[in-house]
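K.L.:
sharing a sequence plus its predicted fold:
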Amino acid sequence: MYASRISKAVVCLLASAIAASPHDQMVNNEFIRDVGVLYPNSNFTGDPFFLVQHKKAPRCETNSRGAALGSAQICVPSTCVFYKSKDCTLSEPGNDYYFHGPVDIDNLQALPDIACDSYLCGPVEEMAEMIGNTASAFANSEGGHWGVVGRF
(Lines give C-alpha, C1' and ligand atoms only; values in the text may rest on other atoms or scores of the structure.)
Protein backbone atom coordinates (compact mmCIF):
# COMPACT_ATOMS: atom_id res chain seq x y z
CA MET A 1 0.00 0.00 0.00
CA TYR A 2 2.72 2.48 0.98
CA ALA A 3 4.95 1.27 -1.87
CA SER A 4 2.14 2.02 -4.29
CA ARG A 5 1.75 5.58 -2.96
CA ILE A 6 5.49 6.16 -3.06
CA SER A 7 5.77 4.90 -6.64
CA LYS A 8 2.86 7.13 -7.70
CA ALA A 9 4.52 10.12 -6.03
CA VAL A 10 7.81 9.40 -7.82
CA VAL A 11 6.02 9.09 -11.17
CA CYS A 12 4.22 12.41 -10.57
CA LEU A 13 7.48 14.14 -9.64
CA LEU A 14 9.22 12.82 -12.74
CA ALA A 15 6.31 13.85 -14.96
CA SER A 16 6.26 17.36 -13.53
CA ALA A 17 10.03 17.69 -13.99
CA ILE A 18 9.73 16.65 -17.63
CA ALA A 19 6.76 18.97 -18.22
CA ALA A 20 8.70 21.87 -16.71
CA SER A 21 11.47 21.57 -19.31
CA PRO A 22 11.88 25.06 -20.79
CA HIS A 23 11.87 24.02 -24.43
CA ASP A 24 8.94 21.65 -24.64
CA GLN A 25 6.97 24.36 -26.41
CA MET A 26 9.42 26.85 -27.85
CA VAL A 27 7.93 30.16 -29.01
CA ASN A 28 8.16 30.64 -32.77
CA ASN A 29 5.67 33.10 -34.24
CA GLU A 30 5.80 35.82 -36.91
CA PHE A 31 7.58 38.27 -34.59
CA ILE A 32 10.00 36.35 -32.35
CA ARG A 33 11.71 33.01 -32.04
CA ASP A 34 12.83 31.43 -28.78
CA VAL A 35 16.42 30.37 -29.46
CA GLY A 36 17.72 29.37 -26.06
CA VAL A 37 17.82 29.62 -22.31
CA LEU A 38 20.10 31.27 -19.78
CA TYR A 39 20.26 29.62 -16.34
CA PRO A 40 21.50 31.28 -13.13
CA ASN A 41 23.33 28.14 -12.00
CA SER A 42 25.74 25.76 -13.66
CA ASN A 43 24.50 22.48 -15.14
CA PHE A 44 21.28 24.07 -16.47
CA THR A 45 19.58 24.58 -13.12
CA GLY A 46 17.61 27.42 -11.61
CA ASP A 47 14.88 29.71 -12.93
CA PRO A 48 15.43 29.98 -16.72
CA PHE A 49 15.63 33.26 -18.65
CA PHE A 50 14.58 32.75 -22.26
CA LEU A 51 16.67 34.18 -25.09
CA VAL A 52 14.71 35.47 -28.10
CA GLN A 53 15.53 36.47 -31.65
CA HIS A 54 13.42 39.11 -33.39
CA LYS A 55 12.50 38.04 -36.91
CA LYS A 56 12.02 41.37 -38.70
CA ALA A 57 15.30 42.96 -37.59
CA PRO A 58 17.89 42.27 -34.89
CA ARG A 59 16.96 44.00 -31.65
CA CYS A 60 18.94 44.48 -28.48
CA GLU A 61 17.40 42.84 -25.41
CA THR A 62 18.39 43.79 -21.89
CA ASN A 63 18.76 41.34 -19.09
CA SER A 64 16.09 43.22 -17.13
CA ARG A 65 15.77 40.43 -14.57
CA GLY A 66 19.46 40.62 -13.85
CA ALA A 67 19.66 36.90 -14.52
CA ALA A 68 22.93 35.44 -13.29
CA LEU A 69 25.15 33.57 -15.70
CA GLY A 70 25.54 29.95 -14.70
CA SER A 71 24.90 28.00 -17.90
CA ALA A 72 23.29 28.50 -21.29
CA GLN A 73 21.71 26.54 -24.10
CA ILE A 74 21.31 27.83 -27.64
CA CYS A 75 18.95 25.22 -29.02
CA VAL A 76 18.74 26.14 -32.71
CA PRO A 77 21.12 27.36 -35.43
CA SER A 78 21.35 30.95 -34.22
CA THR A 79 24.05 33.23 -32.88
CA CYS A 80 23.73 35.22 -29.65
CA VAL A 81 26.19 37.82 -28.40
CA PHE A 82 26.29 38.52 -24.65
CA TYR A 83 27.39 42.09 -23.92
CA LYS A 84 28.63 43.64 -20.69
CA SER A 85 26.94 46.90 -21.71
CA LYS A 86 23.21 47.54 -21.31
CA ASP A 87 22.81 48.67 -24.95
CA CYS A 88 24.51 45.93 -27.01
CA THR A 89 27.66 47.93 -27.67
CA LEU A 90 31.04 46.26 -27.51
CA SER A 91 32.95 46.79 -24.30
CA GLU A 92 36.67 46.36 -23.74
CA PRO A 93 38.33 43.68 -25.88
CA GLY A 94 37.76 40.22 -24.49
CA ASN A 95 34.65 41.05 -22.45
CA ASP A 96 31.83 40.16 -24.86
CA TYR A 97 31.12 36.59 -25.94
CA TYR A 98 29.23 35.01 -28.81
CA PHE A 99 27.50 31.63 -28.82
CA HIS A 100 26.63 29.89 -32.09
CA GLY A 101 24.03 27.17 -31.61
CA PRO A 102 23.15 24.55 -31.16
CA VAL A 103 25.47 24.63 -28.17
CA ASP A 104 25.26 23.88 -24.45
CA ILE A 105 27.64 25.62 -22.03
CA ASP A 106 27.28 24.00 -18.61
CA ASN A 107 29.49 26.47 -16.69
CA LEU A 108 29.65 30.04 -17.97
CA GLN A 109 31.60 31.15 -14.90
CA ALA A 110 34.61 29.31 -16.33
CA LEU A 111 34.80 32.00 -19.05
CA PRO A 112 36.86 35.02 -17.94
CA ASP A 113 34.94 38.27 -17.35
CA ILE A 114 31.64 37.00 -18.75
CA ALA A 115 28.56 39.14 -18.18
CA CYS A 116 25.20 39.61 -19.84
CA ASP A 117 23.64 43.00 -19.23
CA SER A 118 22.24 42.86 -22.77
CA TYR A 119 22.20 40.41 -25.65
CA LEU A 120 21.44 40.20 -29.35
CA CYS A 121 20.45 37.01 -31.16
CA GLY A 122 20.06 36.58 -34.88
CA PRO A 123 20.56 34.33 -37.88
CA VAL A 124 24.10 33.00 -38.15
CA GLU A 125 24.79 34.74 -41.48
CA GLU A 126 23.62 38.16 -40.26
CA MET A 127 25.50 37.93 -36.98
CA ALA A 128 28.84 36.96 -38.58
CA GLU A 129 29.72 40.61 -39.20
CA MET A 130 29.02 41.53 -35.57
CA ILE A 131 31.28 38.79 -34.30
CA GLY A 132 34.27 39.97 -36.32
CA ASN A 133 37.61 38.22 -36.00
CA THR A 134 37.47 36.00 -32.97
CA ALA A 135 40.47 35.71 -30.72
CA SER A 136 39.58 32.15 -29.81
CA ALA A 137 36.78 29.73 -30.47
CA PHE A 138 35.69 26.57 -28.74
CA ALA A 139 33.54 23.90 -30.39
CA ASN A 140 31.25 21.09 -29.34
CA SER A 141 30.24 17.84 -31.02
CA GLU A 142 26.88 19.27 -32.21
CA GLY A 143 28.60 21.85 -34.43
CA GLY A 144 28.04 24.76 -32.06
CA HIS A 145 30.84 27.02 -30.96
CA TRP A 146 31.55 30.08 -28.84
CA GLY A 147 34.30 32.57 -28.30
CA VAL A 148 35.30 36.15 -27.58
CA VAL A 149 33.84 38.76 -29.92
CA GLY A 150 36.64 40.16 -32.08
CA ARG A 151 37.42 43.71 -33.11
CA PHE A 152 37.48 45.11 -36.62
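P.N.:
Nice, I can see it. It should be emphasised that the depicted structure is a prediction, and the values quoted were computed from it without experimental measurement.
K.L.:
which strand of this protein spans the most residues?
P.N.:
Secondary structure of the chain per DSSP state E: the longest strand is strand 32-39.
K.L.:
what packs against whichever helix or strand comes after it?
P.N.:
Counting by DSSP states H and E, the element after strand 32-39 in chain order, helix or strand, is strand 49-54. If you count contacts as 3 or more CB pairs under 8 Å, 6 or more residues apart in numbering; DSSP states H and E, strand 49-54 packs onto strand 32-39, strand 118-122. In this view, the C-beta of every residue, glycine as well, is placed from N, C-alpha and C.
K.L.:
I'd like the ones you listed as JSON lines, with distance to Met26 and mean pLDDT appended.
P.N.:
Formatted as JSON lines, the entries for these read as follows, by distance: least, CB to CB, whole Å; pLDDT from 0 to 100:
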{"stretch": "strand 32-39", "distance to Met26": "4", "mean pLDDT": "92"}
{"stretch": "strand 118-122", "distance to Met26": "13", "mean pLDDT": "92"}
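K.L.:
go through these and name the closest to Thr62.
P.N.:
In terms of CB to CB, the element of these nearest to Thr62 is strand 118-122, at 4.9 Å.
K.L.:
between strand 49-54 and the closest one, find me the angle.
P.N.:
Strand 118-122 and strand 49-54 are oriented at 50 degrees to each other (axes from the mean of the first three to the mean of the last three CA atoms, to 10 degrees).
K.L.:
please consider this matter closed, and thank you.
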